[in-house]
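>>> Sharing a model prediction with you, sequence too.
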Amino acid sequence: SVTPGQQVVKIVNDALVDMLGGEDVPGLDLNAAPPVVIMMVGLQGSGKTTTTAKLGKLLKEKYGKKALMASLDVNRPAAQEQLKVLGEQVEVATLPIIAGQMPTEIATRALQAAKLQAVDVLLLDTAGRLHVDQGLMDEMQAVAAIATPKEVLLVVDALAGQDAVNVAKAFSEQIELSGIVLTRLDGDARGGAALSMRHVTGKPIKFAGVGEKLDALEVFQPSRIASRILGMGDVVSIVEKAAAAIEEEDAQLMAERMAKGQFDMNDLRQQLRQMQKMGGLGALAGMLPGMKKAKAAMDASGMDDRVLLRMDAIIGSMTPKERTRPELLNAKRKIRVANGSGMQVQDVNKLLKMHQEMGRAMKQIKKMGGLGGLARMFGKGGMPGMPGMGGGSGGGLPGLGGPMNFKK
């Protein structure tokens, strides 16, 4: 029952995936005698230092490598201190700072330190400029001559659009790049710049920065970016985030309760906490198909992830009995809960309304044959109670497009 329109989208999607490098994305080349040097290059403000720390964390946790990070940026105030602080946060060693050294001297010292400490991977965070100039290129080439990097990764901001493409072209003409890291891919830009960069440089996009948190660095997946460019969301990323953040046993118990149409305040609290673990409201809304409007509404209303903490505080002020049976909450009890959580009675009412709407959605899921039925319906482009997403009426996704407003 595939329509001609769907077939066209599939053809365009496949062409985009192919243009972005196909399904086989080359990973980091660490096949060399340690220390393997990875050199990070790019303009100021592209997220180079933060990406260096994210990559250090990834190397430690996913690759099982001992990493050392060194900042060669002697121009930007406190750039070296910034990497030191980030290194402490991700628990990756940084080269001690010696004032007055030139980038080439720091690179030499970093190599010596890496060899002495039996480091597997040395990450060099080079200096940036506000725009590409010959002085910057000469400095990059001098550092590369000393460090002989196995990987030279260009960090570019996805939100910069055509400017990012021009930067990629300028760098690729002067330095032998091995790959690109595209940052701020969680923003409104849906990765269109990735197409141009891949074409202009001929180099693979290896990683994507998808948030400010230090674990928000993903291996670049052309198929996902193609889906984002076509506005089809990134459900795969949601599944991966869920797999990393949620205990399988908890998910199984929740699924069983959902299948029975059961949903009390304890279940709601668990859902809210899982959303926090998975990156919060904004991160999830940005990945769901058709949720671009909901994300824009959240940004416009000033709503952020503190709303989850406030809702959790309200549920925490209820007694165990009230959490199991929310219908017990009369006017007197609502005043007590509001006072206990530092919120207003109307905030408690909004949370109860949200719970009721979610409870109704659970019952609809049960009627439709459980989660399998929901998946079939999602395939047709609809979700219960989410107007504007092809679903039925029901007041919008509670807390996003609806009346929830915990901005206080």
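Here it is on my side, so go on. Residues are numbered from 1 along each chain as shown.
>>> From here on, just use CA atoms for contacts and neighbour counts.
Noted.
>>> quick one: contacts for the residue nearest to Val200 when sequence neighbours are not counted?
Excluding the flanking residues, the one nearest Val200 by Cα to Cα, 6 or more residues apart in numbering is Lys169, at 6.1 Å. Residues near Lys169 by Cα atoms under 8 Å, 6 or more residues apart in numbering: Met197, Val200, Thr201.
>>> can you pick the most crowded of these?
Neighbour counts for the contacts of Lys169 (other Cα atoms under 10 Å) peak at Met197, which has 25 neighbours.
>>> Isn't that one up against Asp163?
No: applying Cα atoms under 8 Å as the test, Met197 and Asp163 come out as separate, 10.5 Å apart.
>>> Next one: the closest residue to Thr324 other than its chain neighbours relative to Leu272, how far apart?
Closest residue in space to Thr324, ignoring its immediate chain neighbours: Asp264 at 5.4 Å, by Cα to Cα, 6+ apart. Separation of Asp264 from Leu272 (Cα to Cα, to the nearest Å): 13 Å.
>>> show me the residues around Ala114 that make contact.
So Ala114 contacts Pro35, Leu68, Asp120, Val121, Leu122 (Cα under 8 Å, 6+ apart).
>>> Distance of the residue nearest to Val200 relative to Gln162?
11 Å.
>>> Which parts of the stretch 101-250 of the chain are strands?
121-125, 151-157, 179-183, 205-209, 217-219 (DSSP state E, counting those that start in this stretch).
>>> Which elements pack onto the lengthiest helix in the chain?
Secondary structure of the chain per DSSP state H: the longest helix is helix 345-367. When contacts are defined as 3 or more Cα pairs under 8 Å, 6 or more residues apart in numbering; DSSP states H and E, helix 345-367 packs onto helix 248-259, helix 331-341, helix 370-379.
>>> Isn't Leu230 up against Asn13?
Yes: between Leu230 and Asn13 there is a contact under Cα under 8 Å: 7.5 Å.
>>> Between those two, point out the one with more neighbours.
Asn13 (21 against 15).
>>> Specify the beta-bridge partners of Ala67.
Val121 (DSSP bridges).
>>> mind listing what it touches?
Applying Cα under 8 Å, 6+ apart, the residues near Ala67 are Gly56, Leu59, Lys60, Val92, Ala93, Val119, Asp120, Val121, Leu122, Leu123.
>>> tell me the SS of the closest residue to the second one other than its chain neighbours?
Distances taken as Cα to Cα, 6+ apart place Lys65 nearest to Leu59, at 5.5 Å, with adjacent residues excluded. Three-state call for Lys65 (DSSP: H, G, I helix; E, B strand; the rest coil): coil.
>>> same check, this time on the one 5 residues further on
Per three-state DSSP, the secondary structure class of Ala70 is strand.
>>> Distance of it relative to Ala168?
Distance from Ala70 to Ala168, by Cα to Cα: 23 Å.
>>> and what of Leu185?
Taken as Cα to Cα, the span from Leu185 to Ala168 is 16 Å.
>>> quick one, which of the two is more surrounded?
A count of neighbours by other Cα under 10 Å puts Ala168 above the other of Leu185 and Ala168, at 24 against 20.
>>> Isn't that one up against Thr201?
Yes: here Ala168 lies in contact with Thr201, judged by Cα under 8 Å, at a distance of 6.7 Å.
>>> Which pLDDT value goes with Thr49?
Thr49 is assigned a predicted lDDT (pLDDT) of 93.
>>> for Val217, which residues make a bridge with it?
No Val there; residue 217 is Leu. Gly209.
>>> how many other residues sit next to it?
When neighbours are counted by other Cα under 10 Å, Leu217 registers 23.
>>> Quick check: the gap between it and Lys321.
Applying Cα to Cα, the value for Leu217 to Lys321 is 42 Å.
>>> Ok, Ala208 next?
Counting by Cα to Cα, the gap from Ala208 to Lys321 is 45 Å.
>>> Can you report phi and psi for Leu43?
phi -80, psi 170 (degrees, to the nearest 10).
>>> got it, and Ala33?
Main-chain dihedrals, Ala33, degrees, to the nearest 10: phi -70, psi 130.
>>> same thing with Val74?
phi -100, psi 0.
>>> okay but it is in contact with Glu105, surely?
No: look at Val74 against Glu105 with Cα under 8 Å: they stay out of range, at 11.3 Å.
>>> Comparing these two, which residue is more hemmed in?
Val74 (18 against 13).
>>> and the more buried one, what is it in contact with?
By Cα under 8 Å, 6+ apart, the neighbours of Val74 are Gln80, Gln101, Met102, Pro103, Ala127.
>>> Relative to Lys62, how far out is it?
From Val74 to Lys62 the distance is 31 Å (Cα to Cα).
>>> one step back: can you flag the buried ones in the contacts of Val74?
Neighbour counting with 16 or more other Cα atoms under 10 Å marks Gln80, Pro103, Ala127 as buried within the contacts of Val74.
>>> Could you point out which of these is nearest to Gln346?
Gln80 (48.4 Å; Cα to Cα).
>>> so what's the closest one up against?
The neighbourhood of Gln80, defined by Cα under 8 Å, 6+ apart, consists of Ala70, Ser71, Leu72, Asp73, Val74, Ile97.
>>> same deal with Val181?
Val181 neighbours (Cα under 8 Å, 6+ apart): Leu153, Leu154, Val155, Val156, Ile205, Lys206, Phe207, Ala208, Gly209.
>>> Export these to TSV and append columns for neighbour count and distance to Ala193.
Shown next, in TSV, are those (neighbours: other Cα atoms under 10 Å; distance: Cα to Cα, whole Å):
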residue	neighbour count	distance to Ala193
Leu153	26	17
Leu154	26	14
Val155	30	13
Val156	31	10
Ile205	28	11
Lys206	21	14
Phe207	23	14
Ala208	26	12
Gly209	27	14
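>>> Tell me the one among those residues nearest to Ile225.
Ala208 (9.9 Å).
>>> Grab the nearest non-local neighbour of the closest one.
Ala208 sits nearest to Leu182 (Cα to Cα, 6+ apart), 4.8 Å away.
>>> I figured that neighbour was touching Arg198, is that so?
No: using Cα under 8 Å, Leu182 is not in contact with Arg198; the gap is 11.0 Å.
>>> The two: who's more crowded?
Taking neighbours as other Cα under 10 Å, Leu182 and Arg198 compare with Leu182 leading, 28 against 19.
>>> and that one, bridged to which residues?
The partner residues for Leu182, given DSSP bridges, come to Val156, Ala208.
>>> Could you tell me which residues make contact with it?
Leu182 touches Val155, Val156, Asp157, Ala158, Ala194, Ile205, Phe207, Ala208, Gly209, counting by Cα under 8 Å, 6+ apart.
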